[in-house]
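*Asks:* test case, fold it:
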Amino acid sequence: MTDKVNEKWLGKLLAGDHEAFAGFVDKYKETVFLCCRLLGLREDEIEDAASETFMAAYKGIRQYKGQAELSTWLWTIAYRKGVNYIRKESKVRQMSLSAEDGDITPSARDFTAEEKEQAELVWETVSRLPGLWAMAIVLFYREEKDLKEIAKIMRVGQNTVKTYLFRGRKRLKEHLAGVIKEDV
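*Replies:* Residues are numbered from 1 along each chain as shown. Take a look at the predicted model:
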């Protein structure tokens with residue numbers, strides 16, 4: 001979308017246009033679900049956290065100042081709602097992911113069969129990393145957020161994000177070294 005289309009769409013959201021909000025939900029639902037999956041929520045918990053995320057976005061859209069991209073603002077809300085859900089449901093919960101929790105393969109372009117297979121393997125391996133490492137990698141590589149945005153979303157310092165990315169990439173390289181023969 002162009003900036004003018006984004007401004008018009010945002011204007012409709014700020015005016016309380018329900019159809020525009022339905023389009024907003026449709027556009028960003030996969031992003032919100034991905035965030036919740038990376039936090040390690042079960043499918044039923046993901047739906048609850050996603051609903052809370054979109055309700056908070058609907059109620060708080062007037063506080064959106066445009067300082068960050070709309071997707072970053074929403075990811076931040078989803079992250080906070082997911083963390084709050086974890087705290088509320090269980091004080092002691094391991095932040096781990098399993099491949100069955102969801103498919104986080106990229107879909108930005110058409111891949112050859114071999115590229116698709118490698119991408120699926122990489123993203124499946126990412127989903128098995130510790131939750132914070134996986135989230136940093138997904139935000140950086142899939143969502144194309146910069147370090148400052150990721151730090152804001154995850155409520156940590158930029159150096160911590162760099163550490164998560166470094167450790168996550170290192171672990172990925174270790175896991176994928178024998179499987180993918182190219183330089184990972």
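*Asks:* where do the domain boundaries of the chain fall?
*Replies:* Listed domain ranges for the chain are 1-94, 96-184 (source: automatic domain parsing).
*Asks:* I'd like the mean pLDDT over stretch 60-78, please.
*Replies:* The average pLDDT within stretch 60-78 is 83.
*Asks:* re earlier: any chance of the domains of the chain in a markdown table with mean neighbour count as columns?
*Replies:* Every C-beta, even on glycine, is put in place using the N, C-alpha and C of the backbone. Listed next are the domains of the chain as a markdown table, based on neighbours: other CB atoms under 10 Å:
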| stretch | mean neighbour count |
| --- | --- |
| domain 1-94 | 16 |
| domain 96-184 | 16 |
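*Asks:* out of the ones you listed, name the one with the poorest average pLDDT.
*Replies:* Looking at those, the weakest mean confidence is domain 96-184, a mean of 73.
*Asks:* phi, psi for residue 17 please.
*Replies:* Note on residue 17: its backbone torsions stand at phi -70, psi 110 [degrees, to the nearest 10].
*Asks:* quick check: it vs residue 119, distance?
*Replies:* Computed as CB to CB, to the nearest Å, the residue 17 to residue 119 distance reads 37 Å.
*Asks:* so residue 68, which state does it fall into?
*Replies:* In three-state terms, and counting by DSSP: H, G, I helix; E, B strand; the rest coil, residue 68 is coil.
*Asks:* Provide a list of residues in contact with the nearest residue to it once chain neighbours are set aside.
*Replies:* Once flanking residues are discounted, residue 68 sits nearest to residue 149: 6.2 Å by CB to CB, 6 or more residues apart in numbering. Contact partners of residue 149, counting by CB atoms under 8 Å, 6 or more residues apart in numbering, are 68-69, 72, 139.
*Asks:* great, nothing more from me.
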